[in-house]
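Asks: Kindly return the folded structure for what I paste below:
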Amino acid sequence: MLRFVLVAMALLLAIPAGAQETCLRDGKWDIDFAKLWAQEADRSKSRSPNVTRQGERLRLDLDGGKTAELIDCPYGTSGHYYLFDRFDEAGPFYVISKTGYEDFSYTLVMRRTGRQYDVEGLPIWSGDRSRFVTVGCAIARDHKTLRIHAPSADGIAIEAEFPLPCEEQSCSARWDFQSWVSVSCTPHDGSGKKGAEFVLTRGNDGTWRKFGR
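Replies: Predicted coordinates for the structure are as follows:
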């Protein structure tokens, strides 16, 4: 049953390779993309020619000679654009920043399959590289959670999810052990008061549990 749930959650979040939303070209953003693309080119030199760009199209080489393509849509309030950030060998996947109108997230593109997964923060890996944590708050999309992800040859499943106090505090996480994540939060008001602190532990049954406030 647990395996079924994990696979189902992965399928819900995964975006098929090459899938793109319809771009409504209304009200182009006033952004110096030439400068952003030059900075992206510097970052991608270590992966060249695996990462290439042609205007608003970002192309990523996949295993087996295939290619994944992410297309910018810097128009209106529903627009977005992609920039190559890094290649994560542990994944293995490409980490792509996705900037939207008053929004920001990351898209992970699997090198083996090209499937895409949207996450709110950069992957924070456990010591054995079997799992990673993402911490992110996208209040406009009502996403205020920490997620523990379990990558595999089939993709990336969400193994656990816990709410974060994003409206009042900013949070960070670290792996203390392979089955132990510490989370600490700081109030936005700069008062110096302690925020939420808790730990997440994984039991022998594979279930993650929260301890603390």
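
Asks: In this structure, where is pLDDT below threshold?
Replies: 1-21 (pLDDT under 70).

Asks: again, only this time at 50
Replies: Flagging of the chain using pLDDT under 50 yields the residue ranges 1-12, 17-18.

Asks: what's the span of stretch 65-82, first residue to last?
Replies: 22 Å (CA to CA, to the nearest Å).

Asks: which outside residues touch that stretch?
Replies: For stretch 65-82, the surrounding residues in contact (CB atoms under 8 Å, 6 or more residues apart in numbering) are 17-18, 20-21, 23-29, 31, 33, 36, 56-62, 94, 96-103, 107, 109, 114, 116. Bear in mind the C-beta positions are built from the backbone N, C-alpha and C, glycine included.

Asks: Disregarding flanking residues, what is the spatial nearest neighbour of the residue nearest the centre of the chain?
Replies: In the chain, the residue lying closest to the centroid (CA atoms, centre = their mean) is residue 119, at 2.7 Å. Take residue 119 and drop its neighbours on the chain: the residue closest to it by CB to CB, 6 or more residues apart in numbering is residue 134, 4.5 Å away.

Asks: Just the buried subset of the contacts of stretch 65-82, please.
Replies: Buried by 16 or more other CB atoms under 10 Å: 17, 23, 58-62, 94, 96-100, 103, 107, 109, 114, 116, out of the contacts of stretch 65-82.

Asks: Among those, which lie within strands?
Replies: Using DSSP state E, the members of the buried ones among the contacts of stretch 65-82 that fall in strands are 58-61, 94, 96-100, 103, 107, 109, 116.

Asks: tell me the two of the residues you listed that are most distant?
Replies: The most widely separated members of those, counting by CB to CB, are 61 and 103 (27.8 Å).

Asks: Tell me what residue 82 is bridged to.
Replies: residue 98 (DSSP bridges).

Asks: Same check on residue 75?
Replies: Bridge pairing for residue 75 - DSSP bridges - gives residue 28.

Asks: Around it, how many other residues sit close by?
Replies: 17 (other CB atoms under 10 Å).

Asks: same question, residue 150
Replies: 16.

Asks: Do I have it right that it meets residue 133?
Replies: No: here residue 150 lies out of contact with residue 133, judged by CB atoms under 8 Å, at a distance of 11.0 Å.

Asks: quick one: residue 140 is in a helix?
Replies: Yes: under DSSP: H, G, I helix; E, B strand; the rest coil, residue 140 falls within a helix.

Asks: Let me know whether it touches residue 102 as I believe.
Replies: Yes: when contacts are counted by CB under 8 Å, residue 140 is listed as touching residue 102 (6.3 Å).
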